[in-house]
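**Student:** The following comprises the amino acid sequence and a computationally predicted model.
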Amino acid sequence: MAEGSSNLMPIVSKIFCSPSLTTLVVRRRPHVINGGGFVVSDCNQKVAFSVDGCGILGTKGELVVRDSDGSLILLIHKKGGIIQAISTCSQWNGYTMNYEGAKDKVFTLSDSKPLFALRRSTKIYIEPKRMNKDYYFEVIGSFPQRNCSIVTSKGIVAAQVGFKEMNGSKDLYSLVVQPGFDQAFVVGVIAILDYLNGESTSC
């Protein structure tokens, strides 16, 4: 995307969209905090986002993304119930909170269960359907190996996960968000991938 406010793509909020390339660093919280989550810092080592996992929230299948001030900006729930239990995919919903305290769904992530798919497929659909119904995001590559990208259905890369330079630990990795894309949304997707792979946010 070229620079300019007209090319910003807000999903959580336009305040989290930058017209320039943004490199973030994700650091997992200490292992002593079961399901504690992780912290996302900018290039100046200032906290940009934090994610609380089920060990802090006390509820499995629930995640919270906070901004640099610690304010809740994204609430993420795993969909439950009998229908979901027998489904070939697990589903997660991301919500923002409006001024009245009501939840507004902004995206749905669908992840194929290993028993029902030859290859794992993770797609994210934007809510409400303000875009073409064929428009979605997809995770390509391996999150556990810290080598994956979040791309649009048109093949445009929105964000990339990789090992931080000079560091081979999975507890510290880079997250590069391309110009115009919503960083809070990307962090929300990373939080779910973290949980699905039994990492820092899961119990």
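**Tutor:** It's in.
**Student:** Just the helices from the protein, written as ranges.
**Tutor:** Counting by DSSP state H, the chain has helices at residues 54-57, 82-86, 183-196.
**Student:** how near is the closest residue to residue 104 other than its chain neighbours to residue 52?
**Tutor:** The shortest distance from residue 104 to any non-neighbouring residue, by CB to CB, 6 or more residues apart in numbering, is to residue 96 (5.2 Å). In this view, the C-beta of every residue, glycine as well, is placed from N, C-alpha and C. Computed as CB to CB, to the nearest Å, the residue 96 to residue 52 distance reads 16 Å.
**Student:** and if you look at residue 171?
**Tutor:** Residue 171 is 17 Å from residue 52, by CB to CB.
**Student:** Between those two, tell me which one has more neighbours.
**Tutor:** residue 52 (20 against 15; other CB atoms under 10 Å).
**Student:** That one and residue 200: what is the separation?
**Tutor:** On the measure of CB to CB, residue 52 and residue 200 end up 10 Å apart.
**Student:** so what's in contact with these two at the same time?
**Tutor:** 36-37 (CB atoms under 8 Å, 6 or more residues apart in numbering).
**Student:** Residue 180 against residue 17, yeah?
**Tutor:** Yes. Contact criterion CB atoms under 8 Å: residue 180 and residue 17 qualify, at 6.0 Å.
**Student:** what do the two both touch?
**Tutor:** Common neighbours of residue 180 and residue 17 (CB under 8 Å, 6+ apart) are 8-9.
**Student:** per-residue confidence at residue 5?
**Tutor:** Looking at residue 5, its pLDDT reads 47.
**Student:** now swap in residue 169 and tell me
**Tutor:** Residue 169 carries a pLDDT value of 73.
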